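Engineer: Please find the sequence and the predicted model below.
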Amino acid sequence: MPVKIRLQRHGKKGKPYYWIVAADTRAKRDGKYLEKLGSYNPNVNPPLIELNIDSSVKWLQNGAQPTHTARNILSYKGVMLKHHLLGGVSKGALTSEEAEVKLTAWMEEKETKIDSKISSLVKEEASKKSKELEAEKLVNKARVDAQVSAVQEAVAAEEAPATEEAVATEEAPATEEAPAAGEAPATEEAVATKEAPAAEEAPATEEAVATKEAPAAEEAPATEK
């Protein structure tokens, strides 16, 4: 019976979660399986993989063929390397102790790389959050400055009419003093009133002169007699 090591999909829409299973090639993808070997969660970074290495190697030795994705996962966890080393041991190319040492060294190096990647991801995430926080602070500061400017403009707009009214009130008396300059007609009337008697006295003077002169003219015939 041909066997494949493949992924069986679980989880909800948009967040898939996979089981790593050994199943008959004729079975449906999400149908019955022969053995569950582990799980694969791609929703985190780095992806979380749990795998039974010994069982996976056993299925490989029995002729199970992994799919492309399953092979990458098995290689990532060292299953393919262990299967290769055990093949060399069976052929006498190396001893079991040498194979174990090589596998252990590879696993330690792999763990170091994984830890380094996790550390860099944590630093990157912290840096990203710091930048987002700084950007948010700048946005908040700009919003506050805009609100303060709006309040200051409103206050200035309210104070402007009051200032104009105060200036107009102060200037009003000076404008009302214009009638003082308009007293000229009254002054002209006073002058006319003062000058009128003088003008009226002129006929009286002429009459007086005429009266005084009249007897002198009448006395002339008396002299002739």
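Structural biologist: Received the coordinates, thanks.

Engineer: element containing the spatially most central residue of the chain?
Structural biologist: The residue lying closest to the centre of the chain (Cα atoms, centre = their mean) is Val139, at 4.2 Å. Val139 is located in helix 96-176, with elements delineated by DSSP states H and E.

Engineer: mind checking how far that helix is from the chain centre?
Structural biologist: 8 Å (Cα atoms, centre = their mean, to the nearest Å).

Engineer: Quick one: mean pLDDT over that helix.
Structural biologist: Mean pLDDT, helix 96-176: 82.

Engineer: From the contact counts, what lies against it?
Structural biologist: helix 79-91 (3 or more Cβ pairs under 8 Å, 6 or more residues apart in numbering; DSSP states H and E). Heads up, the C-betas are built off the backbone N, CA and C, glycines and all.

Engineer: If you count neighbours, what's buried in the helix it packs on?
Structural biologist: Residues of helix 79-91 classed as buried under the neighbour-count rule (16 or more other Cβ atoms under 10 Å) are Val79, Met80, Leu81, Lys82, His83, Leu85, Leu86, Val89.

Engineer: and Glu136, how many neighbours?
Structural biologist: 10 (other Cβ atoms under 10 Å).

Engineer: any idea how far Ser116 is from it?
Structural biologist: As judged by Cβ to Cβ, to the nearest Å, Glu136 and Ser116 stand 30 Å apart.

Engineer: swap in Ala23?
Structural biologist: In terms of Cβ to Cβ, Ala23 sits 35 Å off from Ser116.

Engineer: which of those two has more neighbours?
Structural biologist: It is Ala23, of Ala23 and Ser116, that has more neighbours when counted by other Cβ under 10 Å, with 22 against 10.

Engineer: What sits closest to that one if chain neighbours are left out?
Structural biologist: Tyr33 (4.0 Å; Cβ to Cβ, 6 or more residues apart in numbering).

Engineer: Also Asn43?
Structural biologist: Lys15 is the one closest to Asn43 (Cβ to Cβ, 6+ apart), at 5.4 Å.

Engineer: got it, and Leu37?
Structural biologist: Using Cβ to Cβ, 6+ apart, the nearest residue to Leu37 is Ile20, at 4.6 Å.

Engineer: Surely that neighbour touches Asn41?
Structural biologist: No - counting by Cβ atoms under 8 Å, Asn41 is not a contact partner of Ile20; they are 11.1 Å apart.
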